[in-house]
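Undergrad: Sequence first, then the predicted structure:
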Amino acid sequence: MADSILVIAEQREERLNRVSFETVAAAQAIAAETGWNVEAAVFGNGISAIAQELAGRKVARVYDIESPRLAKYEPDGTVAALKAFIQQKQPRLVLMPHTYQVRDFAPQLATALGRTLISDAIGFRKEGAKLIFTRQMFQGKFAADVSFACDPPHFATFQAGAFRGDKAEAGASAAPVETVNAEVPESVVRNKPEDPFKEAKQAVDLTQAEIIVSVGRGIKEQKNIELAKALADALGGELAASRPICDSGWLPMDRQIGSSGQTVSPKLYLAIGISGAIQHIVGMKGSRSVIAINKDAEAPIFEIADYGVVGNLFDIVPALTEEVKKAKA
Amino acid sequence: MKILVCMKQVPQKDAPLKLNESATWIRDDVSYEVNEPDAYALEEALRQKEKHGGEVVVITAGPARSQTVLREGLAKGADRAIHLEDAAFVGMDALNVAKVFVAAIKDEKFDLIFTGLQSDDYGFAQTGVIMAELLGWPHATIIMEIQKSDAGIRVKRELESGFFQHVTMPLPAVLTIQSGINKLRYATLLGIKQAKNKPLRKVALEEVRSAAGANLQKIEKLYLPQKSKKTEMLEGAPGEVAKKLVDKLRNDIRVI
């Protein structure tokens, strides 16, 4: 049997999480270099329509893993179903998107199979027979080449945005869909999940903003947020922040950009005192233009900035606000 | 409740890092601090203890310098500490770290194990979940709230895009704690003084080595990330830089 790459797609509330297409694109790219087959699987209860949606991409086969116990996500049932499936299929490589849901079960799944998971990869490279995965370390200050030192199946997750979902090739005709009825014994399931909910008010929709002025730890004190606010007002933009600022309660949670907050792609993203931890970058790297102001020349935010200023934000931001006001007058 | 908090020492957030000669890790001569999510995990454990009674134990794996993390934990209110002391622990993958932690606590009976949701150095986001699987315990990740319930606990998980979810689960269990779940306390002078007399058990590599195996994943090399964009650096006095930026805003980015 030919080696295969198994993509485990994610569905929530019976809708395919679009990030799954990025994982399909990653699998197709790896297949192009290795000659391995690409197959995809999705798990849940009554999700044949989602399996059909996946089957539109260029994959050899789609497995629709079904069980009434998979209706609401929880890790134990998920791992029981996927473990049995992977033991039977023996894929060479299992790929998943690095979502919160995958983070919840993938380390358990790999451990249950006596294997390891290379998490949050951003790319891959083939070196001879070896497949190398690239991931960020030390909050993005370094990149690392990582390889597997155990037998397959190998498990890896890819960071959101590492591959482009719209580059996932469509198939000439729909791939065959095979329904797999998973055995999930009631006894394995320990957690009782309730329905997902949103906190009362998400007042600000930053995804629609054309200009975002965003502040990070470098702002030092709550009262200094006013400096950024003044610049945002002068530019006619919205004020946003990295996670630590919202954790401190200096700005409300609904102004948070990053993996746990909103994902934005404005015309201008002006990052003030933001070092650029991975969790922040994933929320704003789609911005058309990025300007970064930071005292640390080594800050990872400069990796993705179009324009950078190394210096004291407490001098630069007020001066910039004045210049913007003058220019607009 | 008896709670174990797994803590890690990582390079300080804005510390400039240099690679070692083999480019497989960083040079050790930097300032270190507590991994931020672990600080929140400790704070949550202390708050649970204040509400329900019990004991808080902090554990770390790393060379002598990492004892600072445990001392800080003790000063803030943890009752005792376990130090797996060896530089070799730093190079272990998440599975091995989980295995040596589990080996080090085999004679203990915890109700809960907390970890931060991920570390600032490796960023695996896996150790807690792997520990749960090795122990045969349930787990939940990215936790923003913990309530005691009749049969165990009810926790609030953070999902993506502003969603949350409550999950009820039995004890013992492993939880990975999200930054911002609470407000961190400072150690008091009295706390720092008392910490000196609190028990700290050292565990040598030899005692847990048999629990660990070879790493199943290997760092081939570390390097500076390749830039995906060309960054134009603007220099000068604040006023000059501001003028240059406005020029870019007007003529290139076109938002003025």
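TA: Here it is on my side, so go on.
Undergrad: which residues in the chain form helices?
TA: Using chain A here. Ranges of helices within chain A are A:19-34, A:48-55, A:75-89, A:100-112, A:225-235, A:243-247, A:278-281, A:313-328, based on DSSP state H.
Undergrad: that's the wrong chain, I wanted chain B
TA: Under DSSP H, chain B gives helices at B:36-52, B:67-76, B:94-104, B:127-135, B:189-195, B:205-208, B:238-251.
Undergrad: if you compare those helices, which one is most tucked away?
TA: Mean neighbour count, computed with mean count of other C-beta atoms under 10 Å in any protein chain shown, is highest for helix B:127-135 among the helices of chain B, reaching a mean of 25. Where you see a C-beta, it was placed from the backbone N, CA and C, and this is true even at glycine.
Undergrad: That one to helix A:100-112, inter-axis angle?
TA: Angle, helix B:127-135 to helix A:100-112, by axes from the mean of the first three to the mean of the last three C-alpha atoms, to 10 degrees: 40 degrees.
Undergrad: Any part of helix B:127-135 near chain A?
TA: Yes. Under the criterion of C-beta under 8 Å from any C-beta of the partner chain, chain A is reached by helix B:127-135 at B:V129, B:I130, B:A132, B:E133, B:L134.
Undergrad: tell me which of these is nearest to B:I256?
TA: B:V129 (48.1 Å; C-beta to C-beta).
Undergrad: So the closest one sits against B:H139, correct?
TA: Yes. Using C-beta atoms under 8 Å as the test, B:V129 is close enough to B:H139 to be in contact (5.5 Å).
Undergrad: Are there residues contacting both of these two? Which ones?
TA: The contact sets of B:V129 and B:H139 overlap at A:P75, A:D104, A:Q108, B:V174, B:T176 (C-beta atoms under 8 Å, 6 or more residues apart in numbering or on different chains).
Undergrad: Quick check: the fourth one vs A:L131, distance?
TA: This means B:V174. 31 Å (C-beta to C-beta, to the nearest Å).
Undergrad: rewinding a little: quick one: which of the helices of chain B is nearest B:L112?
TA: Of all the helices of chain B, helix B:36-52 sits nearest to B:L112, with 7.5 Å by C-beta to C-beta.
Undergrad: low-confidence ranges in chain A?
TA: Low-confidence segments of chain A (pLDDT under 70): A:1-2, A:200-203.
Undergrad: What is the distance between the longest strand anywhere in chain B and the centre of its chain?
TA: Of all segments of type strand in chain B, defined using DSSP state E, the longest is strand B:139-148. In terms of C-alpha atoms, centre = their mean, to the nearest Å, the centre of strand B:139-148 is found 16 Å from the chain centre.
Undergrad: what angle do that strand and helix B:127-135 make?
TA: Using the same axes, to 10 degrees: strand B:139-148 against helix B:127-135 is 90 degrees.
Undergrad: Briefly note if strand B:139-148 comes near chain A.
TA: Yes. Applying C-beta under 8 Å from any C-beta, one finds strand B:139-148 touching chain A at B:H139, B:A140, B:T141, B:I142.
Undergrad: For the closest residue to chain B within the stretch 151-300 of chain A, list the residues it contacts.
TA: For the stretch 151-300 of chain A, the residue closest to chain B is A:D247, as judged by C-beta to the nearest C-beta, at 3.2 Å. Counting by C-beta under 8 Å, 6+ apart, A:D247 makes contact with B:S179, B:G180.
Undergrad: Give me the domain ranges for the chain.
TA: By default, I'm working from chain A. Chain A resolves into domains spanning A:4-188, A:206-328 when parsed by automatic domain parsing.
Undergrad: Chain B, not that one
TA: B:2-211, B:231-256.
Undergrad: Next, format those domains as CSV and append mean pLDDT.
TA: Output for the domains of chain B, formatted as CSV (pLDDT from 0 to 100):
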stretch, mean pLDDT
domain B:2-211, 96
domain B:231-256, 95
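Undergrad: can I get those domains in a markdown table with distance to A:Q222?
TA: Output for the domains of chain B, formatted as a markdown table (distance: least, C-beta to C-beta, whole Å):
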| stretch | distance to A:Q222 |
| --- | --- |
| domain B:2-211 | 13 |
| domain B:231-256 | 23 |
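Undergrad: Can you mark which positions in stretch A:233-251 are buried?
TA: In terms of neighbour count (16 or more other C-beta atoms under 10 Å in any protein chain shown), stretch A:233-251 has its buried residues at A:234-235, A:237-247, A:250-251.
Undergrad: ok, for B:F163, nearest residue in space, not its chain neighbours?
TA: A:P196 (4.5 Å; C-beta to C-beta, 6 or more residues apart in numbering or on different chains).
Undergrad: same deal with B:R201?
TA: B:I82 (5.0 Å).
Undergrad: Convert stretch B:238-245 to PDB, retaining C-alpha atoms only.
TA: Only the C-alpha atoms of stretch B:238-245 are listed here, as PDB (Å, rounded to 0.1, in the frame of the first residue of the first chain):
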ATOM      1  CA  PRO B 238      11.000  61.700  16.700                       C
ATOM      2  CA  GLY B 239       9.800  64.700  14.700                       C
ATOM      3  CA  GLU B 240      11.700  63.500  11.600                       C
ATOM      4  CA  VAL B 241      10.400  60.000  11.900                       C
ATOM      5  CA  ALA B 242       6.900  61.300  12.300                       C
ATOM      6  CA  LYS B 243       7.200  63.300   9.100                       C
ATOM      7  CA  LYS B 244       8.600  60.200   7.200                       C
ATOM      8  CA  LEU B 245       5.800  58.100   8.500                       C
END
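Undergrad: do that stretch and chain A meet?
TA: Yes. Stretch B:238-245 is in contact with chain A by C-beta under 8 Å from any C-beta, via B:P238, B:G239, B:V241, B:A242, B:K243, B:L245.
Undergrad: need the contact list for residue 217.
TA: Just so you know, I chose chain A. By C-beta under 8 Å, 6+ apart, the residues touching A:R217 are A:S242, A:P244, A:I245, A:G273, A:I274, A:S275, B:K13.
Undergrad: The intended chain is chain B.
TA: A:T116, A:I118, A:V146, A:S147, A:F148, A:A149, A:C150, B:D93.
Undergrad: Just the closest of these to A:S48, please.
TA: A:I118 (31.3 Å).
Undergrad: Please report how far that closest one lies from chain B.
TA: Look at A:I118 and chain B: by C-beta to the nearest C-beta, to the nearest Å, they are 6 Å apart.
Undergrad: Spatially, what comes nearest to that residue if we skip its sequence neighbours?
TA: Nearest residue to A:I118, sequence neighbours excluded (C-beta to C-beta, 6+ apart): A:A156, at 4.4 Å.
Undergrad: Quick check, the one you found in contact with A:T116.
TA: No. Using C-beta under 8 Å, A:A156 is not in contact with A:T116, being 9.6 Å away.
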